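> take this sequence and fold it.
(chains A and B)
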Amino acid sequence: MSKLVEVQNLKKYFRGGGSLLKPKYVKAVDDVSFYINKGETLGLVGESGCGKTTTGRTLLRLHEPTEGKIFYDGKDITNVDMMPYRRKMQIVFQDPYASLDPRMTVGDIVGEAIDIHKLAANKSERKDKIITMLERVGLNSEHANRYPHEFSGGQRQRIGIARSLSVDPEFIVCDEPISALDVSIQAQVVNMFEELQEDMGLTYLFIAHDLGVVKHISNRIGVMYLGKLVELADSYELTFHSVHPYTRSLISAIPIPDPIASRNQKRIILEGNVPSPVNPPSGCRFRTRCQYATQLCAEQEPEFKEVSFGHFAACHHLDKVI
Amino acid sequence: MSELLLDIKNEYLSFFTPAGEVKALNDVSIQMEQGDVLGIVGESGSGKSVTAYSIMGLTAYPGRLVGGTIDFNGHRINDMSEKELRKIRGNEVSIIFQDPMTSLNPVYTIGNQITEVILLHTDKTKTQAYERVIELLDLVGINDPVKRMKQYPHELSGGMRQRVMIAIALACEPKLLIADEPTTALDVTIQAQILELMMDLKKKIGMSIIMITHDLGIVANMCEKIAVMYAGKIVEFGTIDEIFYNPKHEYTKGLLKSIPKLTEKEHKKLVPIEGTPVDMLNPPIGCPFAPRCDSCMKICLTRMPEYTDISENHYSACWLLQKEALEQGRDKL
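Numbering: from 1, shown residues only, chains lettered A, B, ... in the order given. Below you'll find the predicted structure:
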């Protein structure tokens, strides 16, 4: 398997407060490295503000990275003109209510990208392409002349997906594509993502805070905390044999939809809140909420190292975590 | 059997919008005893919040109770005036809203907002109220209450604000606490803290809770009984074990099958409920779930099924369960 997308030591700082001479920065993404193989789905989970969305957007250079390198298909794309890559790299946004222009018809929303990249020779080819895309996501040709407000949340998300598929991409960043949808609709959209991947050989970066869905759809999962990757492993390995204390508590905090299992569930309740990314704790960023934290954790940042084949974690006390 | 705390009988509630009458609640009946924890699950627009709000007499214009009765703690809610309702709200029944960011007043301090409730509903003096606020903040796990009291909502995190909301709701030790998706806006680790706090407080104070949510995980964790709502109707009601291990209504079954389980070891394809939620302006004539149901029969499209008792605490409205359907033969569509 070859790597399709790779980021090395990616950093994204946003200017936030401070004075002109002493600016303060929000370290949204701080030194993150990972790769995604062709045809694979990498899940990214974490609490709000941990930098998962920023990682996804910086990867597409919708934000310019502060530091670090981005590779696509072996080529360094950190400083190049993105236009040719926009066709190959697409994104599906979180909020299907805000990410579609209310004054454009569905046909034009899907067709806009086709126009920009000049993928259709004439009007009838454009129309055919739009209809093929709509049918692919479970809508039909008559929907092309309607406006976004005429659709339900699930249908709107399908329009957003059709839009990103219209340029025949290879890689899609799915930024919380289902969190705004009803439970019964979520499964429909998740299944559609899986089918499209099988049919079109797509590669996904799937960002979500719902570990259940991420585990279902991903081959590998990365867990982020305050701008850092703390653990990365095969999705089975991560859900059943996680080693990082944060991942452990994250998994145990998810309510299991099964009464008997949930009665036996041992909860690790984390104290306190996520610290501010403007002033992250020294050393290991999780130490302020970690039950295993020692002096070492405050002084030295743990290395993101391989603990078993393909399983990475950043923690000083992996031997103590049971 | 102890006295019923809440008894909703055949509640019909409609919103009279310019586009037409939206029947938000259609023959909803709920009974609760003191100390019960009831979960109401359903999709957005299924009427879960509307049901709960109507217990407090908080039906927003253009909504109106069209039929049925609501008895709560010896009061007939639908006959009460606004003035009488105000005495009950916050005193005997309280509510925690979904969004802790918008349900606190940004221009008053936390202490001020909690004190207001206490002074309004009890005979306590200002000094007594002040002490009660400290006691409450301590109860909901906020450190350094004296300092926090002087802070404004924007100085607190989402989880902290939700704790303040709980403190306000508990100020007068209500008999019933309505929690309307209290953790939807919060992260999972913070959600775990808040749910733990609520269960803890329930044990200490002995109140009843109505938990409105769409997360079946939360329900499995906290509740004893569940009402599954679909398009303004309770389609199935039962204890959690019965709903999770012996679901009878097709919608409940579909809901349980469509959620990915973290504990599952193999990769199974999800079984979604096909179709889209009901358009409440033009609901189907028969069973509202019929257009999305795999086992839909002819009768489902024309008549709403009655409730069938499955066991003492478990009932569901589905034609499949009715003998009548069996006698008429199952005309599969």
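> can you list the residues of the stretch 1-150 of chain B near chain A?
B:43-44 (CB under 8 Å from any CB of the partner chain). C-betas here are computed from N, CA, C, even on glycine.
> where do the helices sit along the stretch 1-150 of chain B?
Using DSSP state H, counting those that start in this stretch, the helices found in the stretch 1-150 of chain B span residues B:48-55, B:82-88, B:110-121, B:126-139, B:145-149.
> check chain A too.
Taking DSSP state H as the test, the helices found in chain A are A:52-59, A:83-86, A:106-116, A:123-136, A:153-165, A:183-200, A:211-217, A:235-240, A:245-253, A:259-264, A:295-299.
> touching the longest one from outside, list them.
In other words, helix A:183-200. With CB atoms under 8 Å, 6 or more residues apart in numbering or on different chains as the test, helix A:183-200 has contacts from A:39, A:41, A:136-138, A:152-154, A:157-158, A:161, A:165, A:168, A:174, A:177-178, A:181, A:202, A:204, A:206, A:213, A:216-217, B:43, B:214-216, B:254-255, B:258-260, B:269-274, B:276-277.
> ok, stretch A:67-76 next?
For stretch A:67-76, the surrounding residues in contact (CB under 8 Å, 6+ apart) are A:2-11, A:31-33, A:58-59, A:61, A:77-78, A:85, A:88-89, A:171.
> buried subset of those residues?
By neighbour count, with 16 or more other CB atoms under 10 Å in any protein chain shown, the contacts of stretch A:67-76 hold A:4-8, A:10-11, A:31-32, A:58-59, A:61, A:77-78, A:85, A:88-89, A:171 as buried.
> contacts only, for residue B:136.
Contacts for residue B:136 (CB under 8 Å, 6+ apart) come out as B:114, B:167, B:170-171.
> make it 6 Å
By CB atoms under 6 Å, 6 or more residues apart in numbering or on different chains, residue B:136 lies in contact with residue B:167.
> what residues does the stretch 201-322 of chain A put near chain B?
Residues of the stretch 201-322 of chain A found near chain B (CB under 6 Å from any CB of the partner chain) are A:212-213, A:215-216, A:239, A:253-259, A:262, A:269-270, A:273.
> please, a ChimeraX command that selects the buried ones among those?
Only the buried entries of these go into this ChimeraX selection, using 16+ other CB under 10 Å:
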select /A:212,213,215,216,239,253,254,255,256,257,258,259,262,270,273
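> please name the nearest non-neighbouring residue to residue B:52.
residue B:178 (4.7 Å; CB to CB, 6 or more residues apart in numbering or on different chains).
> out of the buried ones among the contacts of stretch A:67-76, list just those in strands.
Secondary structure assignment by DSSP state E places A:4-8, A:10-11, A:31-32, A:89, A:171 of the buried ones among the contacts of stretch A:67-76 in strands.
> average pLDDT for the helix or strand where residue B:196 lies, rounded please.
Per DSSP states H and E, residue B:196 falls inside helix B:188-205. Averaging pLDDT along helix B:188-205 gives 87.
> now the angle from whichever helix or strand comes after it to helix B:188-205?
Moving toward the C-terminus from helix B:188-205, the next helix or strand (DSSP H and E) is strand B:208-213. With axes from the mean of the first three to the mean of the last three CA atoms, to 10 degrees applied, the angle from strand B:208-213 to helix B:188-205 works out at 160 degrees.
> quick one: strands adjacent to strand B:208-213?
If you go by DSSP bridges, strand B:208-213 pairs up with strand B:37-41 (parallel), strand B:176-180 (parallel).
> mean pLDDT, mean neighbour count and distance to residue B:102 for those strands - can I get that in TSV?
Formatted as TSV, the strands paired with strand B:208-213 follow (pLDDT from 0 to 100; neighbours: other CB atoms under 10 Å in any protein chain shown; distance: least, CB to CB, whole Å):
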stretch	mean pLDDT	mean neighbour count	distance to residue B:102
strand B:37-41	94	25	22
strand B:176-180	93	24	13
